[in-house]
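Asker: Predicted model and sequence follow; I will ask about them next.
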Amino acid sequence: MRRLVALTAIVTAVVGVVPLTAHKPVTSKYTFSEDVYPIVKEHCGGCHVPGGIAPMSLMTYEDARPWAESIRLELTRGHMPPWYGDPGVAPLRDVHELSPRELDVVLTWVTGGTPPGPGMKTPPTGARRTWAKGRPDILLPVPATVTLPAEKAEDTQEFVVRGDNDRDRTIAFADLLPGNPSIVHDAIIFSRSPQSTDPTTVLSSWLPGRTPAPFPGFAFVWRAHEQLVVRIHYKKNWKLENKPASDRSVVGLYLTKSAAREMHGVAISSGDALSEHMQAVAVRVAGPSGDVPLKIEAIRPDGTRLTIAGFLARAGWDQRYWLARPLDLPKGTRIEMSRPAGMNVRVWLDASTM
């Protein structure tokens with residue numbers, strides 16, 4: 001699958017790679033402070049910061065230079081970042097990729113002697129401790145502090161942050177503010193019936209470094225008497241091995257400010273025919289046991305075919321891909337999904353019923 005690889009969260013898969021220490025002749029016309037740092041701050045600053053989920057910061061020259069070879073490997077192998085949409089297959093919104101120029105800048109710097117450049121004009125930042133989109137309309141902290149003991153490296157826990165919604169609420173988007181960003185790896189925020197264990201409406205597939213944004217004209221509905229639940233995946237990096245670590249995160253809900261059409265998730269499999277006329281606005285994936293390249297197409301009742309989305313589903317990086325524009329899918333539209341034989345992944349369309 002063709003895609004430009006961005007630089008966010010470079011090092012999750014590079015434990016064991018020896019940091020670069022040998023001297024190399026300087027051939028790069030780009031320097032860290034002038035050219036590389038602005039790219040790293042934009043694309044890596046959600047994870048590779050002091051106190052972030054990644055095991056090292058890349059926010060200073062001294063931090064980044066030892067990992068130059070690892071950066072090169074992660075870019076050229078396509079292992080990172082944790083955003084694997086392919087806008088070359090079908091247009092996607094909020095593309096988290098390096099541009100061709102950005103990719104050239106970083107690769108030229110890491111292979112060309114890693115020159116530092118003049119002194120930093122912008123001080124390095126730590127992990128985000130404030131809401132990216134301002135204070136939410138509703139704040140829902142998890143009920144208690146969670147502690148991973150020294151001997152436990154990973155865990156997933158689920159919390160009911162509100163047990164009974166008093167009325168229908170229209171949600172533009174949801175966010176999570178980790179209490180300890182160094183161990184909160186990912187999360188989903190969803191509503192559900194008190195009688196069920198399955199999500200009714202997934203408000204957010206949360207990943208660090210992603211700033212949530214509403215899809216104009218569309219929103220989710222948290223129904224009266226439904227619970228609001230967050231499922232958080234905790235994971236220590238190697239710096240925290242054999243050390244206890246605690247977290248108490250907060251869910252933030254942002255209500256719509258104007259009329260919006262309701263979105264809901266529709267589970268799909270290859271060969272399914274839609275039972276209703278829908279407008280699809282996003283694709284959400286979960287549950288692959290390995291890397292699964294996936295292409296989703298729709299065949300309308302009149303025979304016209306359109307590609308909905310293409311991406312690489314990766315274990316541990318469940319997420320939602322927003323389409324560049326709503327796609328009209330009449331009743332009876334058949335879904336086709338191409339993927340390697342024997343490889344499974346759960347897929348949902350987020351859509352509004354016409």
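Answerer: Happy to help now that I have it.

Asker: For the rest of this, base every contact and every neighbour count on C-alpha atoms.
Answerer: Will do.

Asker: tell me the contacts of Asp164?
Answerer: Asp164 makes contact with Ala224, His225, Glu226, Gln227, Leu228, according to C-alpha atoms under 8 Å, 6 or more residues apart in numbering.

Asker: remind me which residues of the protein are low pLDDT?
Answerer: 1-24, 78, 80-81, 121-124, 342 (pLDDT under 70).

Asker: domains of it?
Answerer: The record assigns the chain these domain ranges, following automatic domain parsing: 1-124, 138-261, 263-353.

Asker: Turn those domains into TSV, including distance to Ala132.
Answerer: Listed next are the domains of the chain as TSV, based on distance: least, C-alpha to C-alpha, whole Å:
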stretch	distance to Ala132
domain 1-124	11
domain 138-261	6
domain 263-353	18
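
Asker: returning to that earlier point: highest neighbour count among the contacts of Asp164?
Answerer: Using other C-alpha atoms under 10 Å as the neighbour test, the contacts of Asp164 are led by Leu228, with 27 neighbours.

Asker: Quickly list what that one is bridged to.
Answerer: Arg162, Ser191 (DSSP bridges).

Asker: Surely it is in contact with Gly163?
Answerer: Yes - in this structure Leu228 lies within contact range of Gly163 using C-alpha atoms under 8 Å: 6.6 Å.

Asker: just the helices in the stretch 151-300 of the chain please.
Answerer: When assigned using DSSP state H, counting those that start in this stretch, the stretch 151-300 of the chain turns out to have no helices.

Asker: can you give me the strands for it?
Answerer: Taking DSSP state E, counting those that start in this stretch, the strands of the stretch 151-300 of the chain run over residues 154-162, 169-177, 184-192, 201-206, 218-222, 227-235, 245-247, 250-255, 261-262, 264-268, 278-286, 292-299.

Asker: closest to Tyr321 out of these?
Answerer: strand 278-286 (5.2 Å; C-alpha to C-alpha).

Asker: about what we covered before: format the contacts of Asp164 as TSV; extra columns: distance to Met343.
Answerer: Output for the contacts of Asp164, formatted as TSV (distance: C-alpha to C-alpha, whole Å):
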residue	distance to Met343
Ala224	38
His225	37
Glu226	34
Gln227	33
Leu228	32
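
Asker: Which of these sits closest to Arg167?
Answerer: Comparing those against Arg167 with C-alpha to C-alpha places Ala224 closest, at 4.1 Å.

Asker: Does the closest one touch Gly163 like I think?
Answerer: No - Ala224 lies out of contact with Gly163 (C-alpha under 8 Å); the separation is 10.6 Å.

Asker: so what's the spatially most central residue of the chain closest to, chain neighbours aside?
Answerer: Centroid-nearest residue in the chain: Leu207, 4.0 Å away (criterion: C-alpha atoms, centre = their mean). Nearest non-adjacent residue to Leu207, counting by C-alpha to C-alpha, 6 or more residues apart in numbering: Asp186, 4.8 Å away.

Asker: Also Ile296?
Answerer: Distances taken as C-alpha to C-alpha, 6+ apart put Met337 closest to Ile296, at 4.6 Å, once the chain neighbours are dropped.

Asker: what helices or strands is the helix or strand hosting that neighbour leaning on?
Answerer: Assigned by DSSP states H and E, Met337 belongs to strand 334-338. Counting contacts by 3 or more C-alpha pairs under 8 Å, 6 or more residues apart in numbering; DSSP states H and E, strand 334-338 is packed against strand 292-299.

Asker: could you check the angle strand 264-268 makes with the strand it packs on?
Answerer: 100 degrees (axes from the mean of the first three to the mean of the last three C-alpha atoms, to 10 degrees).

Asker: just checking, what packs against strand 292-299?
Answerer: On the basis of 3+ C-alpha pairs under 8 Å, 6+ apart, strand 292-299 makes packing contacts with strand 305-313, strand 334-338.

Asker: and if we set it to 10 Å?
Answerer: strand 305-313, strand 319-329, strand 334-338 (3 or more C-alpha pairs under 10 Å, 6 or more residues apart in numbering; DSSP states H and E).

Asker: got the buried residues for the second one?
Answerer: Residues Gln319, Arg320, Tyr321, Trp322, Leu323, Ala324, Pro326, Leu327, Asp328, Leu329 are the ones in strand 319-329 that count as buried (16 or more other C-alpha atoms under 10 Å).

Asker: quick one on the thing from earlier: quick one: the residue nearest to Ile296 from Thr27, how far?
Answerer: 46 Å (C-alpha to C-alpha, to the nearest Å).

Asker: And the two? Which one has more around it.
Answerer: Between Met337 and Thr27, counted using other C-alpha under 10 Å, Met337 has the larger neighbour count: 19 against 13.

Asker: contacting residues around that one?
Answerer: By C-alpha atoms under 10 Å, 6 or more residues apart in numbering, Met337 lies in contact with 268-272, 294-298, 307-310, 347.

Asker: hey, which helix is longest across this structure?
Answerer: Identified as the longest helix of the chain according to DSSP state H is helix 100-111.

Asker: May I have the strands that pair with the helix or strand just after that one, each with its orientation?
Answerer: For helix 100-111, the following helix or strand on the C-terminal side (DSSP H and E) is strand 138-141. With DSSP bridges as the test, strand 138-141 is paired with strand 250-255 (antiparallel).

Asker: now the angle between strand 227-235 and the partner strand, please.
Answerer: Orientation check (the same axes, to 10 degrees): strand 250-255 against strand 227-235 gives 130 degrees.

Asker: For strand 250-255, buried residues please.
Answerer: The neighbour-count criterion (16+ other C-alpha under 10 Å) identifies Val250, Val251, Gly252, Leu253, Tyr254, Leu255 as the buried residues of strand 250-255.
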